[in-house]
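Student: Got a sequence here, can you build the structure:
(2 chains)
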Amino acid sequence: QKEVEQNSGPLSVPEGAIASLNCTYSDRGSQSFFWYRQYSGKSPELIMFIYSNGDKEDGRFTAQLNKASQYVSLLIRDSQPSDSATYLCAGNTGNQFYFGTGTSLTVIP
Amino acid sequence: EAQVTQNPRYLITVTGKKLTVTCSQNMNHEYMSWYRQDPGLGLRQIYYSMNVEVTDKGDVPEGYKVSRKEKRNFPLILESPSPNQTSLYFCASSPQGYSGYTFGSGTRLTVV
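Tutor: Prediction:
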């Protein structure tokens, strides 16, 4: 059973701080990893994806992948109240995608 | 506007009454997929499609059918719905699959 595990939180950070979200995955054959943001009552929105070891940056967001440790993380710099949402980590093996249960983030003004 | 459109947004039905949830995308994407989202279980893939007439099972296909007769449409069919299929359903599409999916607005289904 392929699994992605995330700490459900809630994670609270003050405005302007760095938020760090983490997940681990079970299938070493997983190819890419995705971070989605989901506001309450809304659909998931893709933030970014990563498939190579190391860091990938996009604006205030940095995804990190460590395949040896089977660990994926998302850093959000200069956190804003509008970043308050549930963050979903996902991986894929071929065309099959599997999601974690999400980490709830609250950014306190 | 590029989007994935699902209908209906909300649906209450009775056990055993066949229903179809429609999904359409206007981005000419090859890949489409259906998910269900349940508290504590997260998003689980039901079926996916790589192109017209090419579909395959995800993690939780039991009780569901799909078809992909046209590139833009990917309906989800519940032939005999049961209460354990009460859930929030999302359709999603992707140009290549490995680059991530764009999700529709969701369909909240209640089976009584």
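Student: What sits closest to residue B:83 if chain neighbours are left out?
Tutor: Closest residue in space to residue B:83, ignoring its immediate chain neighbours: residue B:111 at 5.0 Å, by CB to CB, 6 or more residues apart in numbering or on different chains. Where you see a C-beta, it was placed from the backbone N, CA and C, and this is true even at glycine.
Student: gap between the one you found and residue B:6?
Tutor: With distances taken as CB to CB, to the nearest Å, residue B:111 is found 17 Å from residue B:6.
Student: Give me the more crowded residue out of these two.
Tutor: Between residue B:111 and residue B:6, counted using other CB atoms under 10 Å in any protein chain shown, the more crowded position is residue B:6 (25 against 20).
Student: Surely that one and residue B:108 touch.
Tutor: No - counting by CB atoms under 8 Å, residue B:6 stays clear of residue B:108, with 10.4 Å between them.
Student: list the residues that contact both of the two?
Tutor: Residues touching both residue B:6 and residue B:108 by CB atoms under 8 Å, 6 or more residues apart in numbering or on different chains: residue B:89.
Student: so what strands line up beside the longest strand seen in chain B?
Tutor: Using DSSP state E, we find that the single longest strand of chain B is strand B:42-51. Using DSSP bridges, strand B:42-51 pairs in its sheet with strand B:31-38 (antiparallel), strand B:54-57 (antiparallel).
Student: need the contact list for residue A:25.
Tutor: Shown in contact with residue A:25 (CB under 8 Å, 6+ apart): A:2, A:3, A:4, A:5, A:33, A:70, A:71, A:72, A:89, A:91.
Student: If we use 6 Å, what do you get?
Tutor: Taking CB atoms under 6 Å, 6 or more residues apart in numbering or on different chains as the criterion, residue A:25 is in contact with A:4, A:70, A:91.
Student: With residue A:76 as the reference, measure out to the last one.
Tutor: To tie it back to what came earlier, the one meant is residue A:91. 20 Å.
Student: How about the residue nearest the centre of chain B: what's its closest non-neighbour residue?
Tutor: Closest to where the C-alpha atoms of chain B average out (CA atoms, centre = their mean) is residue B:34, at 3.1 Å. Spatial nearest neighbour of residue B:34, chain neighbours left out: residue B:46 (4.3 Å); criterion: CB to CB, 6+ apart.
Student: Would you agree that neighbour is in contact with residue B:65?
Tutor: No - Residue B:46 lies out of contact with residue B:65 (CB atoms under 6 Å); the separation is 9.9 Å.
Student: The two: which is more packed in?
Tutor: residue B:46 (23 against 15).
Student: Distance-wise, check that one relative to chain A.
Tutor: Applying CB to the nearest CB, to the nearest Å, the value for residue B:46 to chain A is 11 Å.
Student: What does the pLDDT read for that residue?
Tutor: Residue B:46 is assigned 97 on the pLDDT scale.
Student: Check residue A:9 too.
Tutor: On the pLDDT scale, residue A:9 is placed at 83.
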